[in-house]
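Asks: below: sequence and its predicted model.
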Amino acid sequence: MLFFFFFVYLPSTTNHGETITVPKVEGMKLNEIEDFLAEHSLQYYVSDSSYSSTKEPFTVTKQDPQPGAKVKEDRKIYITYNMKTAPMIKMPKLVDLSLKNAQMILKTSDLQVGKIEFVPDLAQNAVLKQLLKGKEIAAGDLIPKGSSVDLVVGDGLGNAEFQVPNVVGMPADEATTLLVGAGLQMGAVQYIAAPNGEPEGTVVRQRPISTPGAKIRVGELVDIWVVGANPAPAIE
């Protein structure tokens with residue numbers, strides 16, 4: 001009789017030793033989980049909140065224990081839910097940074113990289129302005145987490161335009177000195193046979209061509225064609 005009471009009747013009435021499989025509540029709304037967990041003889045406790053613009057407000061984003069875990073009756077499931085409104089965070093300083101560094105900082109600050117606009121400026125790939133919804137935003141100003149920040153970036157060319165220099169007929173070294181001194185960059189250098197008997201090392205063609213009214217901007221490339229054979233590669 002005692003054996004029956006302790007080992008058959010008592011466990012059947014108290015569920016002693018039984019475990020419950022934790023159901024999945026991630027993705028459910030807060031107002032749905034109380035009754036749902038009660039049906040599984042479980043409770044819940046809100047332990048944290050977070051924000052994501054890609055998820056519905058008041059949706060469960062994390063749970064502990066995980067689905068499938070074995071727990072005892074009335075165990076609390078700790079949950080994190082997605083807030084309705086984004087928390088405010090400080091805008092980082094991006095001006096004067098390289099575009100690559102600015103993009104990394106935005107991502108680590110839980111902000112989105114928005115439109116990137118390149119404008120004429122000698123500071124190549126440097127951030128000149130940081131914008132939120134079309135307006136400049138100062139470092140330290142509070143903005144919603146997850147905001148999309150637009151960047152205005154220098155293209156390295158500058159605004160100033162001037163007549164394309166004519167280097168045809170010049171020795172290649174003098175042509176290079178003239179072009180670099182004018183704020184231009186050397187592009188491709190092609191070596192060809194002399195079309196009209198020009199001395200070796202003479203520039204016989206350039207791109208862009210120097211014609212009346214032809215303009216170029218600081219920092220742009222100029223390609224040249226030089227009489228002679230390709231120089232032997234340097235031995236390292």
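Replies: Thanks, I have the structure now.

Asks: phi, psi for the residue nearest the centre of the chain please.
Replies: Most central in the chain under C-alpha atoms, centre = their mean is Gln103, positioned 4.4 Å from the mean C-alpha point. Dihedral pair for Gln103: phi -60, psi -40, per degrees, to the nearest 10.

Asks: residues in contact with it?
Replies: Contacts for Gln103 (C-beta atoms under 8 Å, 6 or more residues apart in numbering) come out as Val113. No exception for glycine: its C-beta is placed from N, CA and C like everyone else's.

Asks: could I get the phi/psi values of the nearest residue to Val167 once chain neighbours are set aside?
Replies: Excluding the flanking residues, the one nearest Val167 by C-beta to C-beta, 6 or more residues apart in numbering is Ala175, at 3.7 Å. Dihedral pair for Ala175: phi -60, psi -40, per degrees, to the nearest 10.

Asks: state the distance from Ala175 to Ser47.
Replies: 71 Å (C-beta to C-beta, to the nearest Å).

Asks: quick one, which of the two is more surrounded?
Replies: A count of neighbours by other C-beta atoms under 10 Å puts Ala175 above the other of Ala175 and Ser47, at 24 against 14.

Asks: I'd assumed Arg205 was in contact with the more buried one.
Replies: No: if you go by C-beta atoms under 8 Å, Ala175 and Arg205 don't touch, sitting 11.2 Å apart.

Asks: check the gap between the residue found closest to Thr176 once you drop the neighbours it is linked to in the chain and Ala160 for me.
Replies: With sequence-adjacent residues excluded and distances taken as C-beta to C-beta, 6+ apart, Thr176 is closest to Met186, at 6.0 Å. Note on Met186: its distance to Ala160, by C-beta to C-beta, is 19 Å.

Asks: can you check Leu221 too?
Replies: 16 Å.

Asks: next one: Gly201
Replies: 31 Å.

Asks: care to break this structure down by domain?
Replies: Domain ranges of the chain: 2-82, 88-154, 161-227, per automatic domain parsing.

Asks: gap between Ser49 and Glu117?
Replies: 35 Å.

Asks: same question but for His40, I mixed them up
Replies: 54 Å.

Asks: more neighbours: which of these two?
Replies: A direct count of neighbours by other C-beta under 10 Å for His40 and Glu117 places His40 higher, at 16 against 13.

Asks: which residues touch that one?
Replies: Going by C-beta under 8 Å, 6+ apart, the list of residues near His40 reads 20, 22-23.

Asks: now do Ala214
Replies: Per C-beta under 8 Å, 6+ apart, neighbours of Ala214: 163-164, 208.
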